[in-house]
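> Generate coordinates for the sequence data below:
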Amino acid sequence: MKALLLLLTLLYTNPILHQDWSDPDVCRVGDDFYMTASSFNFQPGLPVLHSRDLVNWDIIGAALPSYGIRKQTVQHGKQVWAPSIRWHNGWFYIFAADPDKGIFRVRAKDPAGPWEEPVWVVKSTGYIDPCPLWDDDGRAYLSFAAAGSRAGLKSVVFVAEMDAEGSRLVGKPRIVFDGHDTQPTIEGTKFYKRGGLYYLFCPAGGVATGWQAVLRSGSPWGPWEEHIALAWAPGTINGPHQGAWVDTPSGSDWFIHFQDKGAYGRIVHLEPMRWNSEGWPVIGDDHDGDGTGQPVSSWEAPLPLTRPQGSGIPGASQGPWGLGLEWQYPSVPSPLWHYALPGGGVRLFSVQQKFPGLWNCPNVLQQKFPAERFTVTARLMFRPNPALGGEKAGFVVTGGDYAGLRLTDTLGVARLELVRCIGASKGAREEAELLAELQWTELPADFPFASGGVPAVKYPDGREVSIWVRLEVRPKAVEGNVPDAMCQFLWSTDGKRFVKAGGRFRAVPDMWSGACFGFFCNRYAVKNDSGRLDVTELSVKLEFAPLEGFVADESAVPQLTVPNPLTFADGRPVRNVREWERKRRPELLALFEQQMYGSAPKGVKVRTEVLEQDGSALGGAATRKQIRVHYAEGEYLDLLLYVPNGMDRPAPAFLGVNFFGNHTVSEDPAVMLPDTTRWRPDFILYERGSQSSRWPLETIVNQGFAVATFCCEDVCPDCLQPLRARAAFDGCSWGAVAAWAWGLSRALDCLIEEPLVDGGRVAVFGHSRMGKAAVWAGASDERFAMVISNASGCGGAALSKRRFGETVRRINTHFPYWFTENYHYWNDNEAAMPFDQNELLALIAPRPLYIGSGSEDLWSDPRGEFLGLVEAGAVYRLYGFETFGPDEMPGVGQAAVRGVTGCHLRPGRHEITPQDWAWYLEFATLFFSSTAN
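Here you go, the predicted model:
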């Protein structure tokens, strides 16, 4: 236990704050760290957080208790953008922008407040993301960017000189860097000086898809050198965006930034940072040594943790209205809107609602989503004013869409409704579903109503209704890095037995901010008094569990009865290779076709045409050929082929399917762009070379191997519509995985006829869903001489009966087109399956088979993949080969080979990396070299 506690003290896990703290900036004063973030239209504005370890944070103040004037509608996404916080000459300064007004600063002696009123440094529309720099010579500068929506220009960086107090500019702003060509959408400036050089840390490339750029110059005015210090990679978080460099008292460097996580908001990550020998910062883990880091999932903590990470929601001091700073309004609040109950809780007085629906309702008191998985429970006591009628109060999840539970004062009863507004931000109308009609508790005129410790008063003709409400938020896995936030509302009359209110609601973000949960109390009539809603017994419980549709607890794996591939369907044993090849193998193939993959068209002849050929590709190391393979009338796949030059015999080859187009696997400008008009309408054309880290072409070619690939869209789009091959051969009952595998066989038809390639030495490989296709291609087409699976998981190499990681139900629910309709029968019924993936792997025997996994890849179940290989060993042993035992799984960072099968466990997540390729090339060389038997 002591060792475990020590480990927890030494390590932290990202995100450090799973809350919406957009555009964070940090400074250090002594041993204390202070953070601020964008508040946009939310009040109080400019939150101030404090930490002693850079991992655990508490809200200690707000630099803008109120900003602007109260308006009738919510100013979604406007007002306070992207601040910077600095300590200078005994003052804490925060510079922030209002894109519709200009740049202002506030300052305070104490970061908890009070803060001085805003001073407008620049009054101009369109300036954003300011950051001050006080230079060694006493001069001061301000960097900032431009919002294209207001300024009509973006992707540029400004610098201006300002006075020493940071109260006004003393020179004209000047564009010092134009990022249109190399750093598009550059913004979020953070201005530093180190070693006599000026540095601008700026995100570029877009919020959800971009990277961290760093500019360097000997002058604050430029010219600037450029460097990318941090970028996302497959298996890491999306778009590591705007953030801040900070150091510790001991001198270690760190970088805090946000990740756009959809409805969960812009959550905060902490990355290690170092300076390389060339004077550039490297942020994150630079595993390949190219000077650009990748985000880390965990790392050694910068300082001893002041409390266990994840022990709760950030602590919050009391705010300017008597409530904790975890509460916020979406607009400038009125002191008439709420009362903090002395006994705990809050009373909301009904406010006149001037617009229908809640999206533009300024008096929704709310909190940020605090975690990926959490539960909120509260007691609501609704006491309307009998003289009004029609007052409404309730509990809601806000965002671009909203949904919630609403109580309405009607004649004789309190109506409890589930309200939804899908498309609220676009003006959609609210819909309501009646859940119950609740009877009022009548309160006599002399009833001493004293809720929450309020002194007893008489309230003529009083009546109230009391219910408990609950919100369960759970992540729902989708393809990519950002899960959906699924919300289930429940209600109860006794606080013990809760009833679900309708189906689940998918929360969506608001303008630049995440979803929130909150409470409201409204009326349409205006009288001399209002009703009220008391919110008490509020509980926000964080829950830590894997994504729905996943099982990540090894102890939850059921007892396995794995089918033996050497047992016929009638129970007879397979006695020899002849019986396996002539009877049992065809029996298993038919079973997989019927129950899982579906049947593909047989006997199809392809026609090929060479579109382009260049014998000096990759700097002269390879011959590039671009070949169109026609497989049906009007349908074709474009095969990109690189073959090493200088070979004395046709080259062995790797063949795989790419996700986003041939042009993405290489920065080679001669690779043709696809005709995306043939592909699905929502296909996004990725940048040239954007997937090159998954396809190390030079490394493969330099080791004597050809490499060939085509895009999955050429054969079957990764979507529900049966297009391309599935439409051309509509008589076949096949899923997308089988279609991709069939496309691999058609590409093999081409390679067999290609004089530069040895068609008898082609290894089919694939990652993730294309790994599933590679395994099925290798099992169903014995012409493939080797099969390599990288993180193929459920439906690929992993045992389905383990029900670990991605499950059969999850795949069939989210990707119902991957497999046949018959496969859906096995949702949550894996134990009854008459087959499993070890038998699929056995169909590859006696050909070489390699399984690659990532140690942190819960998605693909690395142990399940290894056990699939182990349980396929019976057939390999039938051929006389040595195989793995169940206790011989390689350790993290290790690879192993037994007979003609191999596997490795790379450190990391669901991705394919240069280290994976190093092991694949070593394995292929072992069996494809000129001296291999």
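> Give me the domain ranges for this structure.
Under the assignment automatic domain parsing, the domains of the chain span 2-316, 338-542, 571-597+785-933, 598-649+661-759.
> closest one to Ala774 among those domains?
domain 571-597+785-933 (6.0 Å; C-beta to C-beta). (Each C-beta comes from the backbone N, C-alpha and C, glycine too.)
> What is the neighbour count of Leu538?
Neighbourhood size, Leu538 [other C-beta atoms under 10 Å]: 14.
> surely it meets Gln367?
No. Leu538 is beyond contact range of Gln367, at 9.4 Å (criterion: C-beta atoms under 8 Å).
> how about the helices of the chain, start to end?
Secondary structure of the chain (DSSP state H): helices at 2-10, 148-151, 577-579, 585-592, 617-620, 697-702, 725-728, 736-753, 769-780, 808-814, 837-842, 862-878, 914-928.
> Surely Phe705 and Phe923 touch.
No. Between Phe705 and Phe923 there is no contact under C-beta under 8 Å: 11.5 Å.
> Now Phe498. Nearest residue, chain neighbours left out?
Once flanking residues are discounted, Phe498 sits nearest to Leu490: 4.1 Å by C-beta to C-beta, 6 or more residues apart in numbering.
> what residues are up against that neighbour?
Going by C-beta atoms under 8 Å, 6 or more residues apart in numbering, Leu490 touches Val469, Arg470, Leu471, Glu472, Phe498, Val499, Lys500, Ala501.
> list the contacts for Gly389?
Shown in contact with Gly389 (C-beta under 8 Å, 6+ apart): Asp409, Thr410, Leu411, Ala525.
> Check the spacing between it and Ser350 real quick.
Going from Gly389 to Ser350 by C-beta to C-beta, to the nearest Å gives 11 Å.
> just Gly731 next, same as before
Separation of Gly731 from Ser350 (C-beta to C-beta): 64 Å.
> higher neighbour count, the two?
In terms of neighbours (other C-beta under 10 Å), Ser350 is the more surrounded of Gly731 and Ser350; the figures are 28 against 6.
> So, low pLDDT: which residues of this protein?
The model of the chain has pLDDT under 70 over residues 1-10, 72, 233-236, 310-313, 443-461, 477-481, 544-556, 680-686, 930-933.
> circling back to that earlier point, just the buried members of the contacts of Leu490?
If you count burial by 16 or more other C-beta atoms under 10 Å, the buried members of these come out as Val469, Arg470, Leu471, Glu472, Phe498, Ala501.
> Who are the contact partners of the last one?
The one in question is Ala501. Ala501 neighbours (C-beta under 8 Å, 6+ apart): Leu405, Leu418, Leu435, Gln488, Phe489, Leu490, Trp491.
> Equivalent analysis for the second one, please.
Arg470 is in contact with Thr375, Val376, Thr377, Ala378, Phe489, Leu490, Trp491, Ser492, Phe498, counting by C-beta under 8 Å, 6+ apart.
> How much space separates the first one from Arg470?
Read that as Thr375. Counting by C-beta to C-beta, the gap from Thr375 to Arg470 is 7 Å.
> do the last one as well
When distance is defined by C-beta to C-beta, Phe498 is 5 Å away from Arg470.
> Closest one to Pro886 out of the contacts of Leu490, please.
Nearest to Pro886, judged by C-beta to C-beta, of the contacts of Leu490 is Glu472 at 38.4 Å.
> Now for the residue lying closest to the closest one once chain neighbours are set aside, how many residues are close by?
Among residues not flanking Glu472 along the chain, Gln488 sits closest, at 4.5 Å (C-beta to C-beta, 6+ apart). Residues lying near Gln488 (other C-beta under 10 Å) number 16.
> Correct me if wrong: Gln488 contacts Lys500.
Yes. Using C-beta under 8 Å, Gln488 is in contact with Lys500, at 6.3 Å.
> show me the residues around Phe255 that make contact.
Taking C-beta under 8 Å, 6+ apart, we find Phe255 in contact with 212, 230, 243-246, 270-273, 281, 283-284.
> Let's see which of these end up in strands.
Among these, the ones falling in strands (DSSP state E) are Gln212, Leu230, Gly243, Ala244, Trp245, Val246, Leu270, Glu271, Pro272, Met273, Pro281, Ile283.
> Which residues does the third one form beta bridges with?
Okay, so that is Gly243. Using DSSP bridges, the beta-bridge partners of Gly243 come out as His257.
> Please tell me how far it sits from Ala525.
48 Å.
> Just want to know which of the two has more residues nearby.
Neighbours were counted for Gly243 and for Ala525 using other C-beta under 10 Å; Gly243 has more, 26 against 13.
> Next up, the contacts around that one.
Contacts for Gly243 (C-beta under 8 Å, 6+ apart) come out as Pro24, Asp25, Gly188, Lys190, Phe201, Pro203, Gln212, Phe255, Ile256, His257, Phe258.
> Could you do Glu437 as well?
Glu437 sits next to Val413, Ala414, Arg415, Leu416 when contact means C-beta under 8 Å, 6+ apart.
> I'd assumed Asp98 was in contact with Arg105.
No. With contact defined as C-beta under 8 Å, Arg105 does not count as touching Asp98 (12.0 Å).
> Between those two, point out the one with more neighbours.
Using other C-beta under 10 Å as the criterion, Arg105 and Asp98 rank with Arg105 on top: 25 against 21.
> ok, what's across the strand from the closest residue to the more buried one other than its chain neighbours?
Once flanking residues are discounted, Arg105 sits nearest to Phe95: 4.7 Å by C-beta to C-beta, 6+ apart. Beta-bridge partners for Phe95, by DSSP bridges, are Ser84, Arg105.
> Ala140 is in contact with Phe95, correct?
No. Between Phe95 and Ala140 there is no contact under C-beta under 8 Å: 11.1 Å.
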